[in-house]
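give the three-dimensional model of this entry:
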Amino acid sequence: MRLTVVGCSGSYPGPESPASCYLLEADHEDRTWRVLVDLGNGALGALQRYVDPLTIDAVLLSHLHADHCLDLCGYYVMRKYHPDGPQPRIPVWGPPGTAERMARAYDLPTDPGMTAEFDFREWVDPVTIGPFTVSPVPVTHPVPAFGLRVSAGGVTLGYTGDTGPCAAVDEVARDADLLLAEASFLAGVDNPPDLHLTGTDVGAAATRAGARRVVLTHVPPWHDAEVSLTEARTTYDGDVELAVAGATYDL
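Numbers count the residues shown, from 1 in each chain. Have a look, this model is predicted:
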C-alpha cells in the first residue's frame with residue numbers, strides 16, 4: 001500500500017499545501033486500486049499532479065467540515081461534465097447526511113443531488129474496496145466524525161481524521177504500521193475541549209497503542225509545525241515526522 005499526501009494543511013489551505021486529502025494505492029487483480037481519504041478544499045487541483053482523478057475507485061470522508069470534503073463539489077463537475085462523457089458512479093463513504101450536505105454545498109436540490117455521480121454510503125461497519133479493508137472508528141468532534149483504519153497487503157494505516165483526545169484514538173492507532181494523526185493544537189494552551197489533538201496527545205496515543213511510525217498532519221498555517229513535532233517526540237520515541245504535500249510512503 002502506498003500513501004501519497006495530497007494535502008495536509010489544517011483547517012484551511014496553506015501556502016504550501018491544500019487542505020486534507022490522502023491518496024492510497026494498492027495492486028489487486030492485475031490493476032492498481034486507488035481511494036481518496038478526504039477531499040478538502042484545494043485538494044482536487046493538487047491531486048492531478050499525482051494521478052488522473054478519473055481513476056479513483058472510492059472516496060472516504062472522515063467528516064463533513066469543508067477542509068475535509070468540499071472539493072467533492074469540483075469532483076462532481078469533473079465526473080458529470082467531462083468531455084469523455086459522464087463517468088461511472090463511484091462510492092463515497094461518509095457520516096450520515098453526506099449526500100444532502102454535498103448537494104447543499106453545490107446549491108443542488110437534494111434529490112437527486114450528486115447521486116447520479118456518487119453512490120453515497122454511511123459509515124457503519126468495515127467495508128472492502130478491492131484490496132482495501134476500511135474500518136471506521138467514531139471519534140470525538142463537534143460533528144459526527146470517524147477515524148479510519150485502512151488495511152491492504154498485510155499492513156495497516158491508521159488515520160485519526162479530526163478528533164479531540166479520546167479512547168478511540170488509541171483504537172485507530174493500535175499496532176498501525178503508520179499512524180497519520182492530526183496535531184492542530186499546541187500543548188500548554190487553553191484549547192477548546194473535544195476538538196483537536198496536540199503533538200503530545202498524538203505521541204502518547206502512539207506509544208500506548210504500539211504504532212510503528214507516526215506522521216503528523218493537519219497543522220494549521222498559523223502554527224509552527226516544528227513545535228508540534230517537538231511535542232510529539234516528548235511522548236513517543238519512535239519514527240515521527242511532519243506530513244508534507246507530495247510525500248509518499250510505501251507501507
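
now residue 179. Its backbone dihedrals?
With angles defined as degrees, to the nearest 10, residue 179 sits at phi -100, psi 110.

against residue 20, how distant is the residue lying closest to it once chain neighbours are set aside?
Residue nearest to residue 179 in three dimensions, not counting chain neighbours: residue 211, with 4.1 Å by C-beta to C-beta, 6 or more residues apart in numbering. (Each C-beta comes from the backbone N, C-alpha and C, glycine too.) According to C-beta to C-beta, to the nearest Å, residue 211 stands 19 Å off from residue 20.

these two: who's more crowded?
residue 20 (36 against 28; other C-beta atoms under 10 Å).

quick one, what contacts residue 142?
194-195 (C-beta atoms under 8 Å, 6 or more residues apart in numbering).

residue ranges for the strands of the stretch 101-250 of the chain, please.
Using DSSP state E, counting those that start in this stretch, the strands of the stretch 101-250 of the chain run over residues 118-122, 127-129, 132-139, 145-152, 155-159, 178-182, 213-217, 239-242, 248-250.

to residue 3, which of these lies closest?
Relative to residue 3, the nearest member of those by C-beta to C-beta is strand 248-250, separated by 4.4 Å.

where are the low-confidence patches of the stretch 1-150 of the chain?
Nowhere does the stretch 1-150 of the chain drop to pLDDT under 70.

could you show me where the helices are in it, in order?
Applying DSSP state H, counting those that start in this stretch to the stretch 1-150 of the chain gives helices spanning 43-47, 66-69, 72-81, 98-105.

can I get those helices in CSV with mean neighbour count?
CSV is the format used below for the helices of the stretch 1-150 of the chain (neighbours: other C-beta atoms under 10 Å):
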stretch, mean neighbour count
helix 43-47, 22
helix 66-69, 24
helix 72-81, 18
helix 98-105, 20
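
now do the contacts for the residue lying closest to residue 246 once chain neighbours are set aside.
Among residues not flanking residue 246 along the chain, residue 5 sits closest, at 6.6 Å (C-beta to C-beta, 6+ apart). With contact taken as C-beta under 8 Å, 6+ apart, residue 5 is in contact with 22, 215, 217, 243-248.

buried subset of those?
Among those, those buried by neighbour count (16 or more other C-beta atoms under 10 Å) are 22, 215, 217, 243, 245.

tell me which two of the residues you listed sit farthest apart.
Using C-beta to C-beta, the two most remote members of those are 215 and 245, lying 12.3 Å apart.

the residue nearest to residue 98 when sequence neighbours are not counted - how many residues pack around it?
Using C-beta to C-beta, 6+ apart and skipping the chain neighbours, the partner closest in space to residue 98 is residue 120 (5.4 Å). Residues within reach of residue 120, counting by other C-beta under 10 Å, total 21.

beta partners for residue 120?
In this structure, residue 120 bridges to residue 92 when assessed by DSSP bridges.

you'd agree it is up against residue 92?
Yes: at 5.3 Å, residue 120 counts as touching residue 92 under the criterion of C-beta atoms under 8 Å.

residues that sit against both of the two, list them.
Here residue 120 and residue 92 have residue 98 as joint contacts, going by C-beta under 8 Å, 6+ apart.

picking up where we left off before, can you tell me which of the strands of the stretch 101-250 of the chain is packed in deepest?
strand 178-182 (a mean of 29; mean count of other C-beta atoms under 10 Å).

just give the strands next to that one in its sheet, each with its orientation.
Here, using DSSP bridges, strand 178-182 pairs with strand 155-159 (parallel), strand 213-217 (parallel).
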